[in-house]
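Trainee: Quick one: sequence and predicted model below, then my questions.
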Amino acid sequence: MKVKDCVVCTAYHQRRAHVLAPHIARRAFIRGVSPMVVTVEFMFGVHARHLGGGSLSTRTRTPGRKLPTGGTRFHMSRCCNGCGTDLGDVTRAEVNAAIAGQDLPDVRLECGCLPQNENGAAA
């Protein structure tokens with residue numbers, strides 16, 4: 001299956017395009033290539049993680065850090081609300097939503113476990 005035929009990866013790219021565009025443009029400028037080249041390379045990486053059963057998430061994963069007092073400082077992690085897979089660190093928007101008592105955004109697409117309908121399209 002090619003990247004452009006993968007419903008999950010295509011939906012992921014469409015949903016994340018507004019966030020990825022500045023990073024892709026910067027990388028393209030630094031390398032002196034078209035933004036499309038960087039986009040295609042990025043999507044091949046996303047698709048490889050998807051086919052390998054990994055998360056599509058590009059979130060950072062901050063490890064726990066030992067404190068001088070003997071304790072450990074942990075960063076909050078976000079898990080998929082579909083399958084429970086750890087996706088990485090929470091975003092500032094997710095923390096603000098939790099503090100305000102709002103529902104957290106659906107991250108099943110980021111995980112790759114987004115359900116599909118009988119036509120193969122993302123539901």
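Mentor: Looks like it arrived, so ask away.

Trainee: just so I have it, where are all the helices in the chain?
Mentor: With DSSP state H as the criterion, the chain has helices at 7-31, 35-51, 92-99, 108-111.

Trainee: Quick check: which of those is nearest to residue 72?
Mentor: Among these, the nearest to residue 72 by CB to CB is helix 92-99 (19.7 Å). For glycine as for every other residue, the C-beta is placed from the backbone atoms N, C-alpha and C.

Trainee: Sort out which residues of that closest one are buried, please.
Mentor: By 16 or more other CB atoms under 10 Å, the buried positions in helix 92-99 come out as residue 94.

Trainee: Check what contacts it and list those residues.
Mentor: 76, 78, 103-105 (CB atoms under 8 Å, 6 or more residues apart in numbering).

Trainee: what's the most distant pair in the residues you listed?
Mentor: Greatest spatial distance among the contacts of helix 92-99 (CB to CB): 76 and 103, at 16.5 Å.

Trainee: Between those two, which is the more surrounded one?
Mentor: residue 76 (11 against 8; other CB atoms under 10 Å).

Trainee: which non-adjacent residue is nearest the more buried one?
Mentor: residue 90 (4.6 Å; CB to CB, 6 or more residues apart in numbering).

Trainee: Next: residue 79.
Mentor: residue 86 (5.5 Å).

Trainee: So the one you found is in contact with residue 76, correct?
Mentor: No - using CB atoms under 8 Å as the test, residue 86 is too far from residue 76 to be in contact (11.0 Å).

Trainee: what bits of this protein have low per-residue confidence?
Mentor: Applying pLDDT under 70 to the chain picks out residues 1-3, 19, 53-57, 109, 112-123.

Trainee: how does it look with 80?
Mentor: Within the chain, the ranges that satisfy pLDDT under 80 run 1-23, 42, 45-59, 82-83, 108-123.

Trainee: Let me see the contact set for the residue nearest to residue 76.
Mentor: 75-78.
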